[in-house]
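>>> Make a model of this:
(4 chains)
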2 protein chains.
Amino acid sequence: MSASAAILDTPSEPPSLRQQAVLDAVLSLIVEGGDPLTMDAVARRASCSKETLYKWFGDRDGLLNATVRWQASRVHAGRTEIDALDAATLNKNLRDFAESWLSVIASPTSVALNRIAVAHAGSHKSNLGAIVLANGRVAIGARVKPVLEAGRAAGLLAFEDTEAAFRTFFGLVGRDIQIRLLLGDALPLDAAGIGRDAAQAVEQFLALYGRANP
Amino acid sequence: MSASAAILDTPSEPPSLRQQAVLDAVLSLIVEGGDPLTMDAVARRASCSKETLYKWFGDRDGLLNATVRWQASRVHAGRTEIDALDAATLNKNLRDFAESWLSVIASPTSVALNRIAVAHAGSHKSNLGAIVLANGRVAIGARVKPVLEAGRAAGLLAFEDTEAAFRTFFGLVGRDIQIRLLLGDALPLDAAGIGRDAAQAVEQFLALYGRANP
DNA sequence: TCGGAGCCGTACTGTACGGTACGGTTCGGC
DNA sequence: GCCGAACCGTACCGTACAGTACGGCTCCGA
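Predicted structure coming up:
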């Protein structure tokens, strides 16, 4: 484990439109929470028969798997251009990453999906946790690290180990937010707050790893 | 929510020795993971009857609740003395906190218990998540913050908001570790590594918040 | 117009598990 | 030695839910 390909093994073909609708139904049920996610409930919500669910997704686990992948498939934001990196651009890029990451982990969908994956990781079989990890922490790492390295190449940052630098950044941004949300803490977090938090995290990161452009 | 008393409402009397043995059986089953925690399994492991379980703990939720509390009750480490705080002592105190916190979140017991609590927080009722939070993040906060404030009083640290400073410390120490472990990532983390990580986190924290003693 | 594929809705089966009931045993008080 | 309380082991009940079966509808291609 520990990282992996972007989408992770057993790619399978993408879901048809109807299947996407079913997966969206699953997502809506997951986010609503409350009653436990049953196949009956999914079939009812998606207006399809259970037989079809089993035909398309194999079993309950397969359905969850497909749902997590489906959600993951529409997160990946556009790649950022990184050349001619000056201090302001670096700062802005990092702030964007921080904001988008905070927005993601604070979203009800992310919280609900992570809860499912965490619970699943306990009674193992299948790799929900790995999928979530690959599309969360690992994906953002893959996008931030090139920026960090570009910053170093431009003489704006100083560090030895890119991974270590990224993990520090990750920690400064996320702090206790994700675990608190997962545990049900009602953490107030609006867009303005996220903006402020992101800016502070970047500032702190630059204080640790930045150096005046020589 | 958001913080709370040390043990959280409905204190009830402490479990008897026999009851403690039962709760330890629950813990061992939880940590072992694998098959889902059933009342039959608990009764078998603890060599007691299900009737007794229900008599003592009410229902499955009550048993989980008591288990989490029981585990929490034996974590609280001794209070540290904080007067005559010089730079070396502050450094050592923070490093101790960081190490002990990392050791906790990396322990199989913590991981398993947090998984249960996270899963529970989804389909709410009862406050497992709040209990875990109160005895984890909040408890360590309550112990670290006085040290931070003593450091500030001694002119070693500079910050406005103690809570904010602590959250930064928390983020620098924990980074992505807890979420990765919860999601089942096989993160290698031995005592030596924890020591190194803790030292680095403290160093970074002091770089952000420290100031030369005037 | 027909046949068949795909799917919906619903009814059904099997089983795992939470919770209860009860007989048998141990043990402390009298 | 006797009684009752606490508790163990096991059997039992009810239900919720994963997974299956099937009849009927729709749509498409021949």
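
>>> Any stretches of chain A with poor pLDDT?
Applying pLDDT under 70 to chain A flags residues A:1-12, A:76-81, A:212-214.

>>> Give me the phi and psi for A:Gly210.
The phi/psi pair for A:Gly210 (degrees, to the nearest 10) reads phi -80, psi 160.

>>> Please name the bridge partners of it.
A:Gly210 forms beta bridges with A:Leu157, as assigned by DSSP bridges.

>>> Just give the number of residues close to it.
17 (other Cβ atoms under 10 Å in any protein chain shown). Just so you know, the C-beta spots here come from the backbone N, C-alpha and C atoms, and that holds for glycine as well.

>>> And it, how far from DNA strand C?
53 Å (Cβ to the nearest atom of the strand, to the nearest Å).

>>> what separates stretch A:134-148 from the chain centre, distance-wise?
Here stretch A:134-148 is found 10 Å from its chain centre; the criterion is Cα atoms, centre = their mean, to the nearest Å.

>>> can you tell me the residue of chain A closest to DNA strand C?
A:Ser49 (2.8 Å; Cβ to the nearest atom of the strand).

>>> And for that residue, nearest residue in space, chain neighbours not counted?
In this structure, A:Ser49 finds its nearest non-sequential neighbour in A:Ala43, 6.1 Å apart by Cβ to Cβ, 6 or more residues apart in numbering or on different chains.

>>> got the contact list for the residue most central in space within chain A?
Centroid-nearest residue in chain A, with Cα atoms, centre = their mean: A:Gly136, separated by 2.8 Å. When contacts are counted by Cβ atoms under 8 Å, 6 or more residues apart in numbering or on different chains, A:Gly136 touches A:104-105, A:110, A:114.

>>> Is there any residue in stretch A:125-143 that contacts DNA strand C?
No: judged by Cβ under 7 Å from any atom of the strand, stretch A:125-143 and DNA strand C are separated, with a smallest distance of 13.5 Å.

>>> Give the buried residues for that stretch.
A:127-141, A:143 (16 or more other Cβ atoms under 10 Å in any protein chain shown).

>>> got the domain boundaries for chain A?
What automatic domain parsing lists as the domains of chain A is A:17-73, A:87-209.

>>> name the helices or strands packed onto whichever strand or helix holds A:Ala119?
Per DSSP states H and E: A:Ala119 is located in helix A:108-122. Counting contacts by 3 or more Cβ pairs under 8 Å, 6 or more residues apart in numbering or on different chains; DSSP states H and E, helix A:108-122 is packed against helix A:17-32, helix A:60-73, helix A:87-106, helix A:128-135, helix A:177-182, helix B:108-122, helix B:177-182.

>>> Now A:Ala150: phi and psi?
Per degrees, to the nearest 10, the backbone of A:Ala150 is at phi -60, psi -40.
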